[in-house]
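Trainee: need a 3D model of the sequence below.
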Amino acid sequence: MRQTLFISYSWADTNTADKIDTIFQPTGIFIKRDIREIKFKGSIKNYMSEIRETDFVLILISDSFIKSSNCMFEMLELLKEKDYQKKVLPVLIDGTKIFKPLERIEYIKYWTEKFIELETELKAVNTTDVIELYKELKHIENIKGSIDEFLSIISDENFLSFSKLIEQKFKPIFDYIGISDRLLLKSYSHWAVSIPWKKEK
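Mentor: Have a look, this model is predicted:
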């Protein structure tokens, strides 16, 4: 069966996601992206839940990704899978800092502050009037309780930044997925036309 690749990213990193989309299209892998999969009036959360049903999940890890409620919802869904580590293909957006304990603590503090902020505001209104917001509070609490595990798992993986993968023409990921040499040549030919390899001066 045709393999599926779910690209999980923050909208702030759309340009990078577009490049990766272009890179993988010639390989024949089915690329799942929100811009194509979520139809008018479609459920965003239903789409995000489909992350568990894909063969691989390419995660564009950035500061905006880690601070996104929707992106972290996708990660919490993924963590429910027993073999999630086999699916995860982390790609670090250049400049993102997650490897040192103090760097990870900053994100734990961020979500803790978000939880306290919403919890405090909810105390000022009638509980029955904000049932959906209490669900959001619970979601933030789940993120707060899981962010350390997620970042620890990711930072323990031997993965590369986007710029390093571009230099290597994404071969480490292609090899991991099992892309044939014939499809690699097809993809590389496509890149030569659609993706500039050298930075503009």
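Trainee: tell me what whichever strand or helix holds residue 135 is packed against?
Mentor: Using DSSP states H and E, residue 135 sits within helix 131-156. Packing partners of helix 131-156 (3 or more Cβ pairs under 8 Å, 6 or more residues apart in numbering; DSSP states H and E): helix 69-78, helix 101-122. The way it works is simple: take the backbone N, C-alpha and C, and place the C-beta from them, glycine included.
Trainee: again, 10 Å this time
Mentor: For helix 131-156, the packing partners by 3 or more Cβ pairs under 10 Å, 6 or more residues apart in numbering; DSSP states H and E come out as strand 56-61, helix 63-66, helix 69-78, helix 84-87, strand 88-92, helix 101-122.
Trainee: report the buried residues of that helix.
Mentor: 137, 139, 140, 141, 142, 143, 144, 147, 150, 151, 154, 155 (16 or more other Cβ atoms under 10 Å).
Trainee: just want the angle from that helix to helix 101-122.
Mentor: Put simply, helix 131-156 runs at 180 degrees to helix 101-122, going by axes from the mean of the first three to the mean of the last three Cα atoms, to 10 degrees.
Trainee: what is the rounded mean pLDDT of helix 131-156?
Mentor: Mean per-residue pLDDT for helix 131-156: 89.
Trainee: need the next SSE after that helix, C-terminal direction.
Mentor: Counting by DSSP H and E, what follows helix 131-156 is helix 162-167.
Trainee: okay, buried residues for that following helix please.
Mentor: Those would be 162, 165, 166, for helix 162-167 by 16+ other Cβ under 10 Å.
Trainee: wait, doesn't the last one sit right on residue 160?
Mentor: Which is residue 166. Yes. When contacts are counted by Cβ atoms under 10 Å, residue 166 is listed as touching residue 160 (9.5 Å).
Trainee: find residues that contact each of these two.
Mentor: Residues touching both residue 166 and residue 160 (Cβ atoms under 10 Å, 6 or more residues apart in numbering): none.
Trainee: ok so, going back, how about the buried residues of helix 131-156 in TSV, adding distance to residue 83?
Mentor: Output for the buried residues of helix 131-156, formatted as TSV (distance: Cβ to Cβ, whole Å):
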residue	distance to residue 83
137	30
139	24
140	27
141	26
142	21
143	22
144	25
147	21
150	16
151	20
154	16
155	20
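Trainee: what's the burial count for residue 86?
Mentor: For residue 86, the count of nearby residues is 10 (other Cβ atoms under 10 Å).
Trainee: list the contacts for it?
Mentor: 55, 56, 176.
Trainee: regarding the nearest residue to the second one once chain neighbours are set aside, what is its secondary structure?
Mentor: Sequence neighbours aside, residue 5 is the residue nearest to residue 56 in space, at 4.9 Å (criterion: Cβ to Cβ, 6 or more residues apart in numbering). Here residue 5 is strand, with the state taken from DSSP: H, G, I helix; E, B strand; the rest coil.
Trainee: what's across from residue 5 in the sheet?
Mentor: Residue 5 has these beta-bridge partners by DSSP bridges: residue 31, residue 56.
Trainee: if I look at it, how far off is residue 176?
Mentor: Taking Cβ to Cβ, to the nearest Å as the criterion, residue 5 is separated from residue 176 by 11 Å.
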